[in-house]
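# this one's structure only:
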Ligand SMILES: NC(=O)c1ccc[n+]([C@@H]2O[C@H](COP(=O)([O-])OP(=O)(O)OC[C@H]3O[C@@H](n4cnc5c(N)ncnc54)[C@H](OP(=O)(O)O)[C@@H]3O)[C@@H](O)[C@H]2O)c1
């Protein structure tokens, strides 16, 4: 039976390529984006790959619209087998530069939106005893990084939610997973929010941005990251945490056995010093 996949944030980047890659693997893909007027890039890339994807509008922070969309897909296709929570946005700022509203906006898109969609697809998946919920988090979901306070906070939060949910969902045949990219040469950097004047932090920010430019010079391509997302979304391997590249695995590995936090602080301190 053809599996039905819902992918968010497919106007660009790794979400766009993940949608195409899932279609290449035979899934029926509903690719969503905020503004379907920007769907040409996806349509052209899908045509080049010889696949078609359904395109629907969804701003993931609109929880009522997400509920309507899940109902519509379920009515049209009978079910959703795979959810890929990909939509997300970065923020380059430290705490003093950020308003609470800006921090809330990071939580809205990177935490509450995937949580809401997971809650929406879960009842159907549980009832059928089958489903996968994959959330694109980040290496910043395990390693807190300078000038990423709000972004990493939201990505840590969504990893915690999904890891907790995974334990109960697996009893009903639902795999809950996260996938952690490191630097990927998508539109992410140009889309990042850069709120406020850095003030006393300007020199540290300059050092951070110089280091980041170096990291992105060797970034993974969004095509490659999209294929890794499709792997994680379709694999039968029972595994919660995935990375899109070897570099991402090494990055995440800095944190996961860092019992006193010194490995992470030793890793990131030179970025701004
Ligand atoms: N690139 C990296 O280095 C990197 C590293 C680690 C993790 N990630 C994560 O990877 C995911 C994909 O990012 P990307 O690198 O492919 O960047 P991207 O090219 O900027 O793609 C992000 C996508 O998310 C969409 N989006 C943002 N806010 C949305 C909303 N409220 N509703 C629906 N869609 C929304 C964007 O749509 P619009 O065009 O409408 O803005 C865009 O299609 C994100 O979750 C990001 O946090 C990226």
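That came through, no problem. What you see is a predicted model, and the numbers here were worked out from it, not measured in a lab.

# which bits of the stretch 51-200 of the chain sit near the ligand?
59-61, 86-89, 109, 136, 138, 181, 183-184, 186-188, 191 (Cβ under 6 Å from any ligand atom). For the C-beta atoms, the positions are set from N, CA and C on the backbone; glycine is no exception.

# so where do the helices sit in the chain?
13-24, 40-49, 63-77, 100-107, 113-128, 149-169, 188-191, 202-217, 222-234, 246-256, 262-268 (DSSP state H).

# Out of the ones you listed, which one sits most buried?
Neighbour counts (mean count of other Cβ atoms under 10 Å) averaged over each of these peak at helix 13-24, with a mean of 27.

# For residue 59, the count of nearby residues, please.
Residue 59 has 16 neighbouring residues, counting by other Cβ atoms under 10 Å.

# Cross-check the contact I'm expecting between it and residue 11.
No - the criterion here is Cβ atoms under 8 Å, and residue 59 misses it with residue 11 at 11.3 Å.

# Between the two, which contacts overlap?
Shared contacts of residue 59 and residue 11, defined by Cβ atoms under 8 Å, 6 or more residues apart in numbering, are found at residue 34.

# what about residue 202, distance to the ligand?
For residue 202, the distance to the ligand equals 23 Å [Cβ to the nearest ligand atom, to the nearest Å].

# Which residues are in contact with residue 102?
91, 93, 150, 193, 195.

# Redo the helices of the chain as a markdown table? Include mean pLDDT.
What follows is these, written out as a markdown table (pLDDT from 0 to 100):
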| stretch | mean pLDDT |
| --- | --- |
| helix 13-24 | 98 |
| helix 40-49 | 98 |
| helix 63-77 | 98 |
| helix 100-107 | 97 |
| helix 113-128 | 98 |
| helix 149-169 | 98 |
| helix 188-191 | 93 |
| helix 202-217 | 93 |
| helix 222-234 | 98 |
| helix 246-256 | 96 |
| helix 262-268 | 95 |
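
# Pull the contacting residues for the most far-flung residue of the chain relative to its centre.
Going by Cα atoms, centre = their mean, the residue of the chain most distant from its centre is residue 200, 31.6 Å out. For residue 200, the contact set (Cβ under 8 Å, 6+ apart) comprises residue 96.

# Right, I'll leave it there.
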